[in-house]
Structure formats: C-alpha cells, structure tokens
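J.: dropping a prediction and its sequence here:
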Amino acid sequence: MRKGILEYCVLAYLKDHPSYGLEMASSLASNEALFSSEGTLYPLLTRLRKQGWVETNWRESNSGPPRRYYALTPAGGAALSAFMATWAEFRGAVDAALKGNQ
Amino acid sequence: MTRPSAKPRTQSALIDAYLADLDRALRRGDPAEREEVVAAVTEHIEAALADKPQPVTTRDVEDVLQALGSVDSLAAEIDPQSNPTVVVPPAAPAWPRWTAVLVVIVASISLPLVLLSPLASGVFALTATAVGVLGTLSHPAPHKWPYRVASLVGAATLALFVVGAIVAYRS
C-alpha cells in the first residue's frame, strides 16, 4: 500500500525547502507509520532522482564534510501537484467505503 | 553505568560490515543505483555519528545502524521489478515501408512481363526474389509477409522464365 504513495510524502517534504539525508531521515523517515526504517528513504530518493523528480547537489557545511542536498525539480513539483489534486478525493472515497462496511 | 568508548576499530568494523552487506544485497539491481544508495547511507552514518556527543561509543554506532534498518528492507525498496523505468518500444520494420511496397510491385509486374519481354521479366523477377528473400530474413514476424510474397512471385516468374527458355530452345 505504501509503495507509490511514500514518494509523494518525500516530494511534499522537499517542496518547502531542500534537505539533506540525515535531516530527512530524522524528521520524515523516523515516522514508523510511513517508513519501516530510516534507511528505506535512500533507495526511494535514488528512484526519485532517476525519475527526474528530485535533483541533488553538494553544499558546504560548517559542521563537517560537504552534504548532499536533495531538492524538488519542476517535474517533481508537477507530479506532486497532480497527486495532491487526486489524493483528497481518493482518501475520502476510501474512508466512505470503509465506513459503509461497518 | 556506560562502558568506556570501545576502540574505533570495532566501530569501523561494524560500519564496514553493514555497508558491505548493503552492497551485496543491492547487487541484483542497477550498479549506478547501488553505488548511489551505498554512498548516501555512508554519508548518513557519518553525519549521524558526528552529531552525537564525542567520542562516539560502539553503542552509538549500533543505534545508528539499527535505526537505518536491515539491509534487506533497503534492498526490497529498490526492487528492480517495481521500477517502471524501462519502456520497450514496439518492434519496428528493419527497412522503410516503401521497400516492401516496391518489391511486391516489381514481383507482380515481372509475372505478366514474361510474355512481353522475357529479359525484362527475368531481371525484375531476379531482383524481386533476391530482395524478397533478404527482406524475409531481416524482418521480425509481423513485417515479413510482403517480402515473402515478393520472393514467391519472383521465384514463380523465374521458374516460368526457365521453363519458357527450355521450350523455346527445344522448338
């Protein structure tokens, strides 16, 4: 169930500001309802980058070695918008269907 | 009561073992993806340990690796089957369409031409048969048939040509 939807959670996280691995891991991927473990974030990010929805660049950090930052691409932004447009309706429909069965 | 920090050797051994396992687990998939994930996870580990109070303990390393999760769960996430990146285009004809049309026309003309101009007919038929055979061999199943038709008609014309020549020679 999570596959395909988790990507959009990551895109939504990056929409507001680019972020680096550890930060995303501690805030987003530490949510056990979404990610079984923090590490699964990284294959997901690689997949998003391959799809052209996320891009990476290196930034200097004053607390150590340069960090790999992830950011949303225009294509990723469009994909996220498209998902968000249909998600509310989908969620509502699923909730209604489940309620109807009680 | 916390143990005094373990030797860094144990810590790097733990980290190296994890990364080696991860590398192995990802071996089934795309090598570039594998490298990228291992690099990102390595960076994560180093950054996580740098954030902890120094010096880092073995327990710290274990905690970071535990939070990352098993390498199998990471490998499952990058499952090549679930990666919809490869699109297979439909098989296209090897030669341009007009070649098929032309060779069928040439073969069809060669047949009645046997009566009017045996020589021209022979040339047409030979060309059509040759191109037809080559075309049949070079094309995948859906695109073979015009060439097959051309080679059959061309061969039939050539056979007529030969028969006609023998008859003419005899009389």
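T.: That came through fine. All figures in this text were calculated on a predicted structure; none of them were measured in a lab.
J.: please report phi then psi for the closest residue to chain B within chain A.
T.: Of all residues in chain A, A:Ser37 sits closest to chain B, at 2.3 Å by CB to the nearest CB. Backbone N, C-alpha and C define where each C-beta goes, glycine included. In terms of degrees, to the nearest 10, the main-chain angles of A:Ser37 are phi -160, psi 160.
J.: over to B:Gly29?
T.: Dihedral angles (degrees, to the nearest 10) for B:Gly29: phi -100, psi -160.
J.: isn't it right up against B:Ile78?
T.: Yes: here B:Gly29 reaches B:Ile78: they are 5.6 Å apart, a contact under CB atoms under 8 Å.
J.: which strands and helices sit next to the helix ranked longest in chain A?
T.: Secondary structure of chain A per DSSP state H: the longest helix is helix A:74-100. Applying 3 or more CB pairs under 8 Å, 6 or more residues apart in numbering or on different chains; DSSP states H and E, one finds that helix A:74-100 contacts helix A:6-16.
J.: does any part of the helix it packs on sit near chain B?
T.: No: Helix A:6-16 lies apart from chain B when judged by CB under 8 Å from any CB of the partner chain; the minimum separation is 9.0 Å.
J.: put the alpha carbons of that helix into CSV.
T.: Taking C-alpha atoms only, helix A:6-16 is exported to CSV below (Å, rounded to 0.1, in the frame of the first residue of the first chain):
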residue,chain,number,x,y,z
LEU,A,6,5.6,7.4,0.0
GLU,A,7,7.3,9.1,-2.9
TYR,A,8,4.8,12.0,-2.7
CYS,A,9,5.4,12.3,1.0
VAL,A,10,9.1,12.8,0.3
LEU,A,11,8.3,15.3,-2.5
ALA,A,12,6.0,17.2,-0.2
TYR,A,13,8.7,17.4,2.4
LEU,A,14,11.2,18.8,-0.1
LYS,A,15,8.7,21.2,-1.6
ASP,A,16,9.2,23.8,1.1
